[in-house]
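**Q** Coordinates for the following, if possible.
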Amino acid sequence: MEKKTIGAWVVHHGRKIAADLRGAAEFSAIDLAAKSAGLLARLGESSEATLTADQVTAAAKIGNLNPKTELAACLVHLKNRKLIDVSASGSVSILGVTSGTALTHAADLFEDNEPTTAERAAVTLADVSSQAPVTARGALEYIGDLHKMATSDAKEFLDQAFQIGFVDSEGVGEDRLIFNGNLFRRDTALKAKRVIDSLSSDEANKINEFDARIKASGAVAADLAISLLGESVFSKIRAAALYDMNIVSNEEGDHILMTSPGAFHKFSDPLTEDTFDHAKALVAALTYGMTQSPTERGRIWGVELLLSKLIKGGSVGPATAIGNDYRALELERVVQTEPEGDGFRMRLLKREVGVIALEVLKGRNAAAAALEMLPSAGMRSYTAPEAARVGLRKHQSQASRAQTRTLLSAVRGGSGL
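**A** The predicted model follows:
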């Protein structure tokens with residue numbers, strides 16, 4: 001497995017551990033590596049940067065790190081790897097960082113922590129189940145053989161993996177299917193074809209029409225998706241993560257944008273190129289700005305020109321909307337805004353995020369028709385696809401779960417573990 005891929009799973013698992021009461025104690029190597037890598041990605045820019053102690057503390061809090069107990073450990077971890085310099089005053093200097101290099105460092109940090117057999121197995125299981133759904137029986141045999149775990153230990157590990165959320169499952173017993181929310185980030189076209197082939201001709205036609213709309217616009221509002229697909233087909237595909245749900249939040253409530261899992265990459269693998277969900281958040285913010293922001297606030301008309309300027313290191317604005325619509329991205333240090341006149345200017349701190357966003361939106365109308373139903377209030381926060389999918393799964397009915405299992409079986413294609 002490539003280092004970047006290992007790092008991506010470390011970050012993925014770290015987010016799951018953070019939501020589990022005992023996860024950090026049981027999987028401490030993953031926990032510390034993920035928190036350190038997340039802090040590195042948040043602090044870093046495309047070029048060298050120095051942040052004050054207050055800025056570092058703020059970045060830690062945004063990443064849900066306890067500044068009293070966890071921040072120091074993460075900084076020591078990064079300093080030992082010579083990834084940062086910490087001054088006597090607490091300011092931090094850091095060389096240019098991309099999401100890809102942050103993932104490579106995450107893999108190294110993971111190894112530095114001397115991971116347990118169960119932690120290595122957690123990475124293996126996630127990677128295998130993202131390629132195709134696997135049966136619990138097959139997973140037990142594979143993990144046990146590869147990591148030399150006794151059957152009882154492998155079973156205990158698998159139970160922990162389900163409980164913490166390293167992987168998801170559908171069904172019961174040894175035939176239950178194991179998968180995760182990254183299933184359609186790899187071999188997207190082939191897996192989508194298997195799903196479509198398993199549906200009725202009417203359902204397949206609806207998904208093909210919807211997929212064409214996604215490809216044409218980059219993002220489609222959930223309300224439009226439901227009108228195109230129907231509630232039944234929509235519920236089938238969203239739980240299995242055939243499409244991503246991105247939640248944009250503002251004073252008017254939560255608004256879901258659907259995107260393709262395979263779209264968020266420029267050069268290689270969507271699994272590793274946007275692990276921190278920065279490009280997804282930028283696409284959501286730009287799509288919102290192009291469709292809902294009134295002209296007087298600063299509606300975006302030429303997204304390709306705008307992104308090209310930002311990628312080259314330029315700034316855009318001033319516009320009132322910049323001060324409101326990009327707060328979530330500013331907190332993650334993807335962009336930086338500053339007041340000018342009656343509005344704000346913005347520049348891109350992480351340029352590779354802009355490159356991926358441009359690839360998604362290039363030559364498209366940015367779903368102008370798709371988002372007509374969204375209220376014209378600024379985007380205040382963003383919920384990434386995996387968190388949205390997990391929230392959905394918690395409230396999924398038994399009938400809907402059965403439909404999800406049918407789709408997962410189709411993706412397997414009768415092969416795999």
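
**Q** Pull the distance from the helix or strand residue 139 falls within to the chain's centre.
**A** Assessed by DSSP states H and E, residue 139 sits inside helix 136-147. With C-alpha atoms, centre = their mean, to the nearest Å as the basis, helix 136-147 stands 27 Å off its chain's centre.

**Q** Now do the next helix or strand after it: distance to the chain's middle.
**A** Where DSSP H and E defines the elements, the next helix or strand beyond helix 136-147 is helix 151-164. Remark: helix 151-164 is offset 25 Å from the chain centroid, using C-alpha atoms, centre = their mean.

**Q** Please report how far the residue nearest the centre of the chain lies from residue 384.
**A** Central residue of the chain (C-alpha atoms, centre = their mean): residue 277, 3.9 Å from the mean position. Using C-beta to C-beta, to the nearest Å, residue 277 is found at 4 Å from residue 384. Where C-beta positions appear, they are placed from N, C-alpha and C, glycine not excepted.

**Q** So for the helix holding residue 139, mean pLDDT?
**A** Mean per-residue pLDDT for helix 136-147: 95.

**Q** Kindly report the same for stretch 248-257.
**A** What stretch 248-257 shows for mean pLDDT is 70.

**Q** Now the terminal residues of that stretch, how far apart.
**A** The first and final residues of stretch 248-257 sit 7 Å from each other (C-alpha to C-alpha, to the nearest Å).

**Q** buried ones in stretch 23-40?
**A** By neighbour count with 16 or more other C-beta atoms under 10 Å, stretch 23-40 contains the buried residues 23-24, 26-40.

**Q** Could you do stretch 215-222 as well?
**A** If you call a residue buried by 16+ other C-beta under 10 Å, then stretch 215-222 has these buried ones: 217, 218, 219, 220, 221, 222.

**Q** How about stretch 1-10?
**A** Using 16+ other C-beta under 10 Å as the test for burial, stretch 1-10 gives 3, 4, 5, 6, 7, 8, 9, 10.

**Q** so how far is it off the chain centroid?
**A** Centroid separation for stretch 1-10 versus its chain: 14 Å, with C-alpha atoms, centre = their mean.

**Q** One more: stretch 87-107?
**A** Taking C-alpha atoms, centre = their mean, one finds stretch 87-107 lying 20 Å from the centre of the chain it belongs to.

**Q** so how far is residue 322 from residue 339?
**A** As for residue 339, its distance to residue 322 is 10 Å (criterion: C-beta to C-beta).

**Q** Of the two, give the one with the bigger neighbour count.
**A** Taking other C-beta atoms under 10 Å, residue 339 and residue 322 do not tie; residue 322 has more neighbours (28 against 12).

**Q** wait, what's in contact with that one?
**A** The contact partners of residue 322, by C-beta atoms under 8 Å, 6 or more residues apart in numbering, come to 298, 316, 337, 343, 344, 345, 346.

**Q** can you map out the helices along the stretch 251-400 of the chain?
**A** Under the criterion DSSP state H, counting those that start in this stretch, the stretch 251-400 of the chain carries helices at the ranges 270-273, 278-291, 303-311, 322-325, 327-331, 351-361, 385-394, 398-412.

**Q** neighbours around residue 56, how many?
**A** By other C-beta under 10 Å, 23 other residues sit near residue 56.

**Q** Just list the residues touching it, thanks.
**A** Contacts for residue 56 (C-beta under 8 Å, 6+ apart) come out as 43, 71, 75, 90, 91, 92.

**Q** Surely the fifth one and residue 53 touch.
**A** The reference is to residue 91. Yes - Residue 91 lies in contact with residue 53 (C-beta atoms under 8 Å); the separation is 5.8 Å.

**Q** joint contacts of those two?
**A** Common contacts of residue 91 and residue 53 (C-beta under 8 Å, 6+ apart): none found.
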